[in-house]
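# Mind looking at a prediction? Sequence and model below.
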Amino acid sequence: MGLKSSLSNDEMEFLRTHTKFDERAIQEWYDEFMRSFPYGRLTDANFIELFKVYFSVQNADQLFKVFFKVENAEQF
């Protein structure tokens with residue numbers, strides 16, 4: 001399955017409705033994400049590094065483990 005170069009109308013509308021960002025900002029974030037992660041996926045290490053940058057936490061790897069432990073437990 002190929003990767004999309006842009007968000008669908010439904011995806012864009014959802015993000016516009018549920019965030020404070022306008023269409024231009026959302027598309028810029030999407031484009032930057034796809035440049036940084038061309039396969040459209042984050043590894044655990046990528047996620048932890050982004051979390052450290054955006055949330056300025058020192059123990060992001062520990063928070064990551066706790067978050068996904070709780071998230072996985074809720075799926076069962």
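The structure has been received and is ready for your questions.

# C-alpha only now, for contacts and for neighbours.
Noted.

# which SSE is E32 in?
helix 23-36 (DSSP states H and E).

# and for that helix, what are the contacting residues?
Residues outside helix 23-36 that contact it (C-alpha atoms under 8 Å, 6 or more residues apart in numbering) are S5, S6, L7, M12, L15, R16, G40.

# Separate out the buried members of the residues you listed.
Among these, those buried by neighbour count (16 or more other C-alpha atoms under 10 Å) are M12, L15, R16.

# my guess is Q58 contacts K52, does it?
Yes: in terms of C-alpha atoms under 8 Å, Q58 counts as a neighbour of K52; the distance is 6.7 Å.

# For the two, indicate the residue with more neighbours.
Applying other C-alpha atoms under 10 Å to Q58 and K52 shows that K52 carries more neighbours, namely 15 against 11.

# what's near enough to touch the more buried one?
Each residue near K52 by C-alpha under 8 Å, 6+ apart is listed here: Q58, A60.

# in what helix or strand does it lie?
helix 44-55.

# in that helix, what's buried?
I48, F51.

# low-confidence ranges in the protein?
Across the chain, the ranges flagged by pLDDT under 70 are 1-3, 70-76.

# run the last query once more with 50
1, 76 (pLDDT under 50).

# ok, now which ones touch L15?
F21, I26.

# chain center to the helix holding E32: distance?
Taking C-alpha atoms, centre = their mean, to the nearest Å, one finds helix 23-36 lying 11 Å from the centre of the chain it belongs to.
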